[in-house]
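S.K.: For reference, the sequence and a predicted model appear below.
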Amino acid sequence: MASLESLNDGQRAVLQLLLRQGKSCDDLAGMLKTDPAGVRTRARSAIAAVGPDASAIGADRRDEIADYLLGQQTASQRAATREYLEGSPAGRSWARAAATALRPIGGDALPDIPAEREQVGEAPDGLDRRSARQEEVRRSSQLGTRLIYAGIGVVVAIAIILAFSLGGGDGGDTANTTTAATPTTPTGDKFDVIAQGTLQAPDGGDADAKGQVAIVRFPDNNQFRLALQATGLPPSRARGPAYGVWLYTSKDKNRFLGFPDTTVGKDGKLDTVSDLSPNTPNYGAILLTRETADSPKRPGRIVLIGRIITATELAQQQRTQTQTTPTP
């Protein structure tokens, strides 16, 4: 039985979106342009990792309980699971242990674990609260299927992009940025976010355009990737400028990473991942540009720009904020 801290970033990200934000597997699949079954499999594997040994109940029952805890069942499925838990001491024990492990993320959003059948005498208030929470989130979230939600931040959002762009049977089709460099091949699905940034339109740019970016390191073989997510972009056209991604510090210190190999549609979204060499120099910013040349030597018109903040800088900022926050 592992702790939440031992999960990889992608697993924690999925649990946070399903529990803390009240999203469904179908919601995440739509965000990630992937198969809902892949999202469900990743979520179930995360709960299996933090739950106790399931030999007493079997893998199928474990997955059923995982769906119940995550609120990913229909009304009839929830009723059937509750009936099983009421009559199964082993099932209740497993469910309670898994729910305890999920409490730091799920809090009150987790459903109640029913008592044994003879002790059940009240309505499943926990399920009602869970359903009400999901409906509240659904009503209040009218901003489309953005990856960035209040309280989650860039790390989780980028972790989601990366988790599903690495393959592993999840069926993701997130774009890879086409570059002339030899691509790296990260191994394992655990990675560390070493830098991040918020992308904004420059003065005079499209005010609706925005995004997030992160650079991550895969410790298994010291490989690096840059993940970028943007919304509010003008759609790509069959002819004319194409979107490009740059690392940038100055006009004399910059590097073109390439063109995303998918176009921006009417929804204005772009999710792309680019391989980086371990010896890539440090740069101060990320640019999303519009390029007219096949091999641009300098950035074209800037659509989005964001300063790169390293994990060390971010930790220092957080410590400073904590030290300067007045005590009530």
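M.R.: Yep, it's here. Numbers count the residues shown, from 1 in each chain.
S.K.: From one end of stretch 18-30 to the other, what's the distance?
M.R.: Start-to-end span of stretch 18-30 (Cα to Cα, to the nearest Å) is 13 Å.
S.K.: and if you look at stretch 21-36?
M.R.: Stretch 21-36 has an end-to-end distance of 17 Å (Cα to Cα).
S.K.: Check the residue nearest to Ala201 when sequence neighbours are not counted and give its pLDDT.
M.R.: Distances taken as Cβ to Cβ, 6 or more residues apart in numbering place Ala209 nearest to Ala201, at 4.7 Å, with adjacent residues excluded. C-betas here are computed from N, CA, C, even on glycine. We have a pLDDT of 93 for Ala209.
S.K.: again, but for the one 10 residues further on
M.R.: Per-residue confidence (pLDDT) for Pro219: 80.
S.K.: hang on, the earlier thing: what separation is there between the residue nearest to Ala201 and Gly232?
M.R.: According to Cβ to Cβ, to the nearest Å, Ala209 stands 4 Å off from Gly232.
S.K.: what touches both of those two?
M.R.: The contact sets of Ala209 and Gly232 overlap at Gly268 (Cβ atoms under 8 Å, 6 or more residues apart in numbering).
S.K.: the strands in the stretch 1-150 of the chain, which residues?
M.R.: With DSSP state E, counting those that start in this stretch, there are no strands along the stretch 1-150 of the chain.
S.K.: how much space between Pro281 and Asn254?
M.R.: Remark: distance between Pro281 and Asn254 (Cβ to Cβ) = 10 Å.
S.K.: more crowded one of these two?
M.R.: Asn254 (17 against 9; other Cβ atoms under 10 Å).
S.K.: remind me, longest helix of this structure?
M.R.: If you go by DSSP state H, the chain has its longest helix at helix 89-106.
S.K.: show me where the stretch 151-300 of the chain has helices.
M.R.: Assigned by DSSP state H, counting those that start in this stretch, the helices in the stretch 151-300 of the chain fall at 153-165.
S.K.: List the contacts of the residue nearest to Ala201.
M.R.: Taking Cβ under 8 Å, 6+ apart as the test, what Ala209 contacts is 199-201, 230-233, 268, 303-304.
S.K.: Kindly write the ChimeraX command that selects the buried subset of these.
M.R.: Selection of the buried residues among the contacts of Ala209 in ChimeraX, burial being defined by 16 or more other Cβ atoms under 10 Å:
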select :199,201,230,231,232,233,268,303,304
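S.K.: In JSON lines, list the contacts of Ala209 along with pLDDT.
M.R.: Shown next, in JSON lines, are the contacts of Ala209 (pLDDT from 0 to 100):
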{"residue": "Leu199", "pLDDT": "93"}
{"residue": "Gln200", "pLDDT": "94"}
{"residue": "Ala201", "pLDDT": "94"}
{"residue": "Ala230", "pLDDT": "90"}
{"residue": "Thr231", "pLDDT": "91"}
{"residue": "Gly232", "pLDDT": "94"}
{"residue": "Leu233", "pLDDT": "95"}
{"residue": "Gly268", "pLDDT": "92"}
{"residue": "Val303", "pLDDT": "95"}
{"residue": "Leu304", "pLDDT": "96"}
